[in-house]
Each structure stands twice: as C-alpha cells, then as structure tokens.
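Colleague: Predicted model follows, preceded by the sequence.
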Amino acid sequence: MNFAKKIFWLLVAALGAGALGFVAIARGEPINAVWLVVASACTYAIGYRFYSRFLAYRVLQLDDGRATPAERLEDGRDFVPTNKWVVFGHHFSAIAGPGPLVGPILAAQFGYLPGTLWIIIGGVLGGAVQDFVVLFCSVRRDGKSLGQMAKEEISGLAGFAALFGVLSILTIVIAVTGLVVVNALKASPWGFFTIAMTVPIAILMGIYMRFLRVGRAIEASLLGFILVMGSVVGGRYISESHLLAPYFTYSAIGLAWMLVLYGFTASVIPVWLLLAPRGVLSTFVKLGTILLLAGGILAVRPTMLMPPLTRFIDGTGPIFAGKIFPFCFITIACGALSGFHSLISSGTTPKMLSKEGQARMVGYGSMLVESFVAVMAMIAACVLKPGIYFSVNSPAGIVGRLPEQAVATISGWGFPVTAQDMSDLATKVGEVTLFNRTGGAPSLAVGMAHIFSGSLGGAAMGIWYHFAIMFEALFILTILDAGTRVGRFLLQDLMGHFWKPLGKTSWYPGIILSSAIMVTAWGYFLFQGVMDPLGGINSLWPLFGISNQLLAAIALCVCTTILIKMGKSRYILVTLAPLVWLVSATMTASAQKIWAPDPALGFLAHARYLAEQIAAGTIAADKIADTQRLIFNDRLDAMVTLVFATVVLVILVESGRNWWLYSSGRKRVVLSESPVELSRLIA
C-alpha cells in the first residue's frame with residue numbers, strides 16, 4: 001500500500017473512531033443523526049478493506065481457480081452460475097428481511113445508543129464474519145446445508161440436532177416476518193396494491209433476463225424500478241377510489257392466507273422466474289433507497305429526538321419486556337448478527353456463486369450493507385418525537401384502544417403526544433390511523449417519510465410513506481420466498497433419510513409435499529400472532545430473536561470446527577469470540593422468557609396469569625375461548641424456546657468434545673470438502 005493510501009485509510013479510521021466515540025459519550029443536548037452515518041460508514045469501510053481481506057486471504061485462502069458447485073453441478077434450476085452482481089443482489093435481498101428494519105425500531109425503546117453500538121460492532125466482527133465463513137464452507141462442500149455440514153464436520157448427533165433445530169427455528173423466523181407484513185398492510189389498499197404488483201413485475205423481469213435480453217440485469221432492474229414506482233403512485237389513486245379500494249383492502253387474517261399461498265408458490269417454481277429477479281429488483285430498490293435516505297439525512301441533518309437511554313432500560317418497556325442485556329442483543333439480530341443468514345449462505349447463494357473469490361463481496365460485503373440499513377432504521381425511528389414513536393408501536397392491550405387512552409398513558413411516561421398530533425400525521429401519510437400499528441414497519445415508514453419530505457418536499461409525504469412501506473415489504477417478502485425455499489431443501493434432506501425419492505430436489509412430488517409442510521408450519525405461528533390481542537410482536541419477536549441467535553450459535557460452531565480441521569486453530573477467535581457472546585446472551589434470554597415470574601416477560605408466568613383470571617371470573621364469557629388459546633400459545637412458546645436451547649446445548653457439547661479430540665490428537669481430522677476441479681469459467 002502506497003503512502004497516499006495509508007494516509008487516506010488512517011484518516012478514515014480516525015474519523016470513524018471520533019464519530020463513534022462522540023455518539024457513545026454525548027449527553028445533554030440531542031445529537032445530530034449525521035454522527036451516526038459517519039461513524040457507521042467509516043467503520044464498515046475499515047472492516048471491509050482490512051478485516052475481510054485478512055479473512056479471505058489469510059484465514060480462508062479463497063481460490064478462483066477452483067470450480068464452484070454452480071459450475072460443476074449446473075442443472076438450470078438450483079445450481080446456476082450467475083453474474084456476481086445478481087448473486088450479490090439475491091443474497092442481500094434474501095438476508096435483509098425485516099430484521100435490519102424492525103429490530104432497531106423495536107430496540108429504540110431503550111434509546112438510540114445501545115442498539116447503534118451493537119449494530120456497528122456486531123456487524124463488522126460478528127455478522128459479516130459468520131455470513132462469509134459459512135458461505136465459503138458451503139461452496140467447498142457442493143452447496144450443502146448447515147445441517148449437513150454439522151453432520152459431516154462435527155458428528156451425526158450434532159447434524160441431526162442442527163437439522164431439527166434449523167428447521168424449527170426457520171419456521172419461527174418466517175412466521176414473524178410474515179406478521180410484520182400483515183401489520184403493515186392490513187386495511188391499507190395503497191400499501192397492498194403496491195406490494196401485490198411487485199410479484200408480476202418480478203416475474204416479468206425473470207422472463208426478460210431469461211429469454212428476451214439474456215443476462216441484462218441492469219436493464220431488467222431499471223424496468224422493474226420504473227414499474228414499481230408506477231405502482232406506488234397508482235396505489236394512491238386505488239386507495240382514493242370508492243370503486244377499487246375495497247378490492248385491495250384486506251383484514252389481517254386475509255393477508256395471512258395470501259402470504260401462505262405466496263410462500264408455497266415461490267418455493268415450487270424455478271429460481272430464475274421469481275426468486276432471482278425479485279432479489280435483483282429488491283436490491284435495486286433497497287440500495288437506492290438507503291443511499292437516498294443517507295443523502296436525505298446529510299441534507300436535512302435531523303436531530304435525534306429519542307434520548308440515548310430511556311426509562312425502559314429497566315425492562316418495563318411497552319413494546320417488549322426485558323432489560324438491555326440480553327434483550328437489546330436479541331431484538332436486533334439482522335443488522336448485527338443473524339443466524340438466518342447462515343441458511344442463505346448455505347442454501348441458495350452457494351449454488352449460484354461462479355467464483356470462490358466472490359464470496360468476500362457477497363458474504364462479508366452484503367452483511368455490512370445490511371448493517372448500514374439497520375443504522376438508517378435506528379435513525380428513522382429516533383428522529384421522530386418519542387411520543388409519536390410510542391403511539392405507533394405500543395399495542396392496544398398496553399396503552400388502550402381509544403386514542404385518548406393511548407395519549408394519556410404515553411404522555412404519563414414523559415413522552416408528550418396528543419390525539420390531534422396522531423390524526424394530523426395519519427392524514428399526511430394517507431392512512432386512517434397510526435395508533436397501535438405494532439411490528440415496527442409503520443413507524444419506520446413514518447420516519448423515512450419525515451426525512452424524505454424534509455429534503456425533497458413535504459407535499460409528497462403520503463407518497464414517501466407508502467414508498468417506504470413498499471421498500472420494507474420488499475425486504476420481508478424475500479425472506480418468505482427464499483426462507484421457504486431453503487426450508488424445503490432442509491426438509492427434503494430430512495425426509496430423504498426415510499424415503500430416498502423425497503430427498504431429490506428434482507422430484508416435483510417431493511418438492512410440493514415439502515413446501516406444503518413448510519408453509520403449514522410457519523403459517524400456524526403467523527396466525528397465532530395475527531390473533532394475539534397484544535399484536536403478536538410482544539411474544540413472537542423475542543422468540544424470533546432467541547431462535548435466530550441460537551441458529552447463529554449453531555453456524556459458528558460449525559465454522560469453528562471447520563477452521564480447526566483446516567489447521568487454522570490460531571485463527572479460531574474470529575468465530576469463537578462471537579459464539580461466546582451469543583451463547584451468553586441467548587441462554588440468558590431463553591431462561592428469562594421461560595421462567596421469569598413477571599407475566600410481561602415470562603411465557604409460563606403469563607399463562608398462569610391468564611388462567612388465574614379465568615378462574616376468578618374476570619374474563620368475559622365471549623373471551624374465554626380466545627384467552628384459552630393464548631394460554632396454549634404461551635405454553636407452546638415456552639416449550640419451543642426450551643427445545644431450541646436444548647438443541648444448541650447438544651451441539652455446543654458435541655463441538656467442544658470434538659475440538660478437544662482434534663487438538664489432543666485423539667481423533668483423525670477428515671475434511672469433507674468436495675474434490676478439487678479446475679474452473680473453466682472466466683471471472
């Protein structure tokens with residue numbers, strides 16, 4: 001590196017460290033959001049330039065001369081050598097679901113500081129490392145799943161536990177992402193029309209790139225973007241039409257059924273028809289929007305109205321219960337460190353990668369972009385008046401169903417807001433009401449619209465709000481289709497042990513059966529959240545966070561084991577350090593969610609509280625059946641959390657046992673990599 005470059009990177013490091021330090025220690029006067037943008041951007045630049053390079057060339061030793069599974073096993077459906085930018089787009093859109101948007105929004109109830117520090121530091125040293133290393137390991141093993149790698153590299157017991165755990169956890173992840181979409185689109189014809197139109201637009205893009213203009217991803221993206229923007233504008237006229245609006249207005253139950261049907265369809269059709277083009281479209285919109293949002297923040301320079309720490313650090317928050325540790329680190333998974341990413345890195349992406357060297361950009365780079373998305377989400381939430389933020393995100397079961405009840409409760413917390421403030425805001429964004437819109441997506445859209453309208457004109461706030469809803473839903477729907485498809489692969493792996501034809505990913509009866517089982521499983525939890533009077537997020541998001549981080553623990557166990565078997569034991573801290581942190585946070589959170597005596601926090605305590613209310617006769621007769629269903633769901637959630645924690649403990653013990661056997665020379669090291677074959681593809 002020449003002298004000028006050294007000076008440049010020293011300046012970037014100094015600027016990033018200074019900005020990050022100011023964000024961490026600033027007290028008293030509210031700070032400007034620009035500090036968060038500078039701190040995160042500089043930290044990500046340093047992380048990608050130096051740390052990812054160290055991982056790529058010193059730890060993993062990527063080899064572009066070695067053929068990838070996409071080249072060796074090409075079948076035109078799942079294994080397809082793909083342009084690196086299309087793969088980057090697919091991977092980023094698949095991993096960047098609701099987590100980097102919703103997690104920071106929900107965690108903002110603690111204030112902006114804890115979540116921001118976790119997003120930046122966790123993203124560079126944890127999340128990006130996991131995604132990169134898992135992708136590399138899967139590429140070296142014919143694109144095998146996380147469960148298969150656990151079986152081959154750790155032990156049969158660990159492999160079975162990992163496969164069962166991954167399938168179960170994936171079910172919760174998809175269900176919660178679906179719930180976020182439902183809460184954002186219910187009774188919103190404008191939002192529903194815009195999102196519904198993205199499906200035929202993505203299919204048109206797939207046909208365009210497959211048959212009309214082969215491989216022209218940029219052309220297809222521009223076409224798709226123009227059509228999507230047209231659907232955003234068109235949605236306004238749909239919502240204002242007394243004739244058409246009813247056809248695009250649906251209840252939460254109706255939307256849940258549509259998502260189940262969509263997930264099934266997306267799982268069984270070829271990857272090039274919907275999944276890949278939707279990924280390209282989503283990435284085009286997502287990256288463009290994030291850059292536009294960052295530019296808007298730099299132009300408007302909004303103040304962070306949310307304090308760095310709020311009164312709810314004591315665990316009494318209205319959005320979810322629990323203290324900063326461990327629940328800040330559970331609530332913000334995607335954007336910092338997310339186990340779901342390991343499923344994409346060992347699912348669809350390794351089957352599309354043309355060169356090993358591209359794993360650095362796709363694995364590490366896309367995670368940093370997602371982390372930047374999470375910072376933007378935190379800013380969008382915290383530039384709102386805290387009273388408005390809590391009015392949008394707090395469930396009716398806590399603050400009251402009537403606007404007067406809600407504003408009185410929230411103002412009593414020290415965050416003043418009036419019913420007129422909320423009514424005026426709803427009118428500006430083209431919605432009937434913004435009270436109790438749990439799930440994080442609506443408040444993020446309000447924050448984004450606030451920033452965009454401040455920099456590009458206030459008259460268009462309604463357009464910007466629904467553009468933001470479309471932007472968020474595009475993130476989330478890619479989790480539904482990619483996640484269901486990955487779940488189908490995993491389920492077929494499992495069913496293939498009982499009857500071999502079911503394990504063939506090319507046998508359509510097996511594809512249809514496994515897809516149907518998968519959507520039925522996550523559909524159950526989706527409907528559970530839809531019918532929950534507390535909005536579903538209060539109970540399901542902590543379950544989502546715990547399961548997601550436990551999944552990351554499984555992935556990091558596999559990565560650490562493979563590094564040891566590769567003779568890279570001196571580098572295992574790159575995966576072992578994040579693993580230790582995750583285990584401490586997730587196991588603490590699991591124990592609290594199961595056994596905490598506070599009904600607002602513990603599943604079993606809440607079930608007992610509801611049962612006591614029924615016994616005391618304080619529940620109305622027409623509500624007893626609903627309450628009994630909530631009791632069942634609480635007990636089920638407690639059991640699911642216990643099962644997840646047990647599965648991870650089994651894998652931890654098995655991994656630790658094997659690490660000791662390998663290091664002591666008591667067990668012969670056998671790497672299960674595919675045979676080396678020279679690549680014939682030109683980079």
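Modeller: Perfect, thanks for sending it.

Colleague: going forward, measure contacts and count neighbours with C-alpha atoms only.
Modeller: Will do.

Colleague: Please name the residues that touch G545.
Modeller: 330-333 (CA atoms under 8 Å, 6 or more residues apart in numbering).

Colleague: next one: F312
Modeller: 109-110, 323.

Colleague: ok, the residues you listed vs I479, which is closest?
Modeller: Using CA to CA, Q109 comes nearest to I479 of these, at 25.2 Å.

Colleague: you'd agree the closest one is up against D314?
Modeller: No: the criterion here is CA atoms under 8 Å, and Q109 misses it with D314 at 11.0 Å.

Colleague: How confident is the prediction for the residue nearest to E370 when sequence neighbours are not counted, by pLDDT?
Modeller: What sits nearest to E370 in space, not counting adjacent residues and going by CA to CA, 6 or more residues apart in numbering, is G335, at 5.5 Å. On pLDDT, G335 comes in at 87.

Colleague: Give me the buried subset of the contacts of G545.
Modeller: 330-333 (16 or more other CA atoms under 10 Å).

Colleague: which one of Q109 and D314 has more residues nearby?
Modeller: Between Q109 and D314, counting by other CA atoms under 10 Å, Q109 is the more crowded of the two (29 against 12).

Colleague: list the contacts for that one?
Modeller: 310, 312, 317, 319, 390.

Colleague: Neighbours of the first one, how many?
Modeller: If I follow you right, that is T310. Neighbour count for T310, taken as other CA under 10 Å: 16.

Colleague: The last one now?
Modeller: F390 has 29 neighbouring residues, counting by other CA under 10 Å.

Colleague: Then the third one?
Modeller: The tally of other residues near G317 (other CA under 10 Å) stands at 20.

Colleague: And for the fourth one?
Modeller: The burial count assigned to I319 is 24, neighbours taken as other CA under 10 Å.

Colleague: you'd agree it is up against G397?
Modeller: No: with contact defined as CA under 8 Å, I319 does not count as touching G397 (10.7 Å).

Colleague: Now tabulate the buried ones among the contacts of G545 in TSV and tack on secondary structure and distance to I7.
Modeller: Formatted as TSV, these follow (DSSP: H, G, I helix; E, B strand; the rest coil; distance: CA to CA, whole Å):
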residue	secondary structure	distance to I7
I330	helix	38
T331	helix	38
I332	coil	35
A333	coil	35
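
Colleague: picking that back up, now, which of the contacts of G545 sits nearest I119?
Modeller: If you rank the contacts of G545 by distance to I119 using CA to CA, I332 comes first, at 7.5 Å.

Colleague: confidence score at the closest one?
Modeller: 90.

Colleague: The nearest residue to it once chain neighbours are set aside and L556: what is the separation?
Modeller: Counting by CA to CA, 6+ apart, G103 is the residue found nearest to I332 once chain neighbours are left out, at 4.5 Å. Remark: distance between G103 and L556 (CA to CA, to the nearest Å) = 21 Å.

Colleague: now I120
Modeller: 19 Å.

Colleague: More neighbours: those two, which one.
Modeller: Ranked by neighbour count (other CA under 10 Å), I120 and L556 place L556 first, with 29 against 26.

Colleague: contacting residues around that one?
Modeller: 130, 575-576, 578-579.

Colleague: list the buried ones in the host helix or strand of it?
Modeller: Element membership for L556, per DSSP states H and E: helix 537-565. Across helix 537-565, burial judged by 16+ other CA under 10 Å covers 537-565.

Colleague: so how far is it from its chain's centroid?
Modeller: Offset of helix 537-565 from its chain centre (CA atoms, centre = their mean, to the nearest Å): 13 Å.

Colleague: now stretch 404-420
Modeller: Remark: stretch 404-420 is offset 31 Å from the chain centroid, using CA atoms, centre = their mean.

Colleague: So for it, mean pLDDT?
Modeller: Rounded mean pLDDT across stretch 404-420 is 88.

Colleague: Export it to PDB, keeping only CA atoms.
Modeller: Extracted C-alpha coordinates of stretch 404-420, given in PDB (Å, rounded to 0.1, in the frame of the first residue of the first chain):
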ATOM      1  CA  GLU A 404     -57.500   9.400  24.300                       C
ATOM      2  CA  GLN A 405     -56.400   6.400  26.400                       C
ATOM      3  CA  ALA A 406     -53.200   5.900  24.500                       C
ATOM      4  CA  VAL A 407     -52.000   9.500  24.500                       C
ATOM      5  CA  ALA A 408     -52.800   9.800  28.200                       C
ATOM      6  CA  THR A 409     -50.700   6.700  29.000                       C
ATOM      7  CA  ILE A 410     -47.800   7.700  26.800                       C
ATOM      8  CA  SER A 411     -47.700  11.300  28.000                       C
ATOM      9  CA  GLY A 412     -47.700   9.900  31.500                       C
ATOM     10  CA  TRP A 413     -44.400   8.200  30.700                       C
ATOM     11  CA  GLY A 414     -42.900  11.600  30.000                       C
ATOM     12  CA  PHE A 415     -43.300  11.500  26.200                       C
ATOM     13  CA  PRO A 416     -46.000  14.100  25.400                       C
ATOM     14  CA  VAL A 417     -48.300  13.500  22.400                       C
ATOM     15  CA  THR A 418     -51.900  14.400  21.600                       C
ATOM     16  CA  ALA A 419     -54.600  12.700  19.600                       C
ATOM     17  CA  GLN A 420     -54.600  15.600  17.200                       C
END
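
Colleague: got any ranges where the stretch 1-150 of the chain has weak pLDDT?
Modeller: Scanning the stretch 1-150 of the chain with the threshold set as pLDDT under 70 gives 1, 77, 97-99.

Colleague: ranges for the helices of the stretch 401-550 of the chain?
Modeller: With helices called from DSSP state H, counting those that start in this stretch, the stretch 401-550 of the chain shows them at 403-412, 419-429, 441-456, 461-495, 508-530, 537-565.
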